[in-house]
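Student: What follows is a predicted structure for the sequence shown.
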Amino acid sequence: MGKPGPNPEVVAEDVLEVFRDRADDSEPLTAPEISDDLNCSRRTVLDRLHELAERGHITSKKVGGRSRVWWIPDDNASAHDFPADDPLFSGEPLLSPDDPVDETEIDDVLYSEG
């Protein structure tokens, strides 16, 4: 039995559903992974991925000679977004060099609310 051929019944929504059903939303997927999940050809999946990318629903990045990963971009998040009241970004030191901290208390010092 050969590999599955193009399947016109696999639509873009089927591909998006594979992305939505992942255990880790931040993990990108490859066309072979999606084609295995949908039991269809890589060509079918690539056609649907390109359709979705053209509509802005997904994005991709080349990661090797002929390899590409795909993911759903989080347009609402930015690498530069952070809580304005986060003390890490306040510019004030969290600890003084003169304040000794026992290694058993480091989590409390770093992550306490106070």
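Tutor: Received it, and whenever you're ready, just let me know what you need.

Student: which helices and strands sit right next to the helix or strand that contains residue 19?
Tutor: Taking DSSP states H and E as the definition, residue 19 sits inside helix 12-20. Judged by 3 or more CB pairs under 8 Å, 6 or more residues apart in numbering; DSSP states H and E, the packing partners of helix 12-20 are helix 31-38, helix 42-54. C-beta coordinates here come from the backbone N, C-alpha and C atoms, glycine included.

Student: I'd like these written out as CSV, with mean pLDDT, mean neighbour count and distance to residue 100 added.
Tutor: What follows is the helices and strands packed on helix 12-20, written out as CSV (pLDDT from 0 to 100; neighbours: other CB atoms under 10 Å; distance: least, CB to CB, whole Å):
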stretch, mean pLDDT, mean neighbour count, distance to residue 100
helix 31-38, 95, 18, 50
helix 42-54, 93, 18, 54
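
Student: Tell me which of these sits nearest to residue 110.
Tutor: helix 31-38 (37.2 Å; CB to CB).

Student: ok now the closest one, how far from the chain's centre?
Tutor: Mean-position distance between helix 31-38 and its chain equals 17 Å (CA atoms, centre = their mean, to the nearest Å).

Student: Output it as CSV - backbone C-alpha positions only.
Tutor: Output of helix 31-38 as CSV, limited to C-alpha atoms (Å, rounded to 0.1, in the frame of the first residue of the first chain):
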residue,chain,number,x,y,z
ALA,A,31,3.9,19.4,7.2
PRO,A,32,4.8,15.7,7.7
GLU,A,33,3.5,15.8,11.3
ILE,A,34,0.2,17.3,10.1
SER,A,35,-0.1,14.9,7.2
ASP,A,36,0.4,11.9,9.6
ASP,A,37,-2.3,13.3,11.9
LEU,A,38,-4.8,13.9,9.1
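
Student: rewinding a little: give me the residues contacting the helix holding residue 19.
Tutor: Residues from elsewhere that reach helix 12-20, judged by CB atoms under 8 Å, 6 or more residues apart in numbering: 29, 34, 37-38, 45, 48-49, 51-52, 57-58, 70-72.
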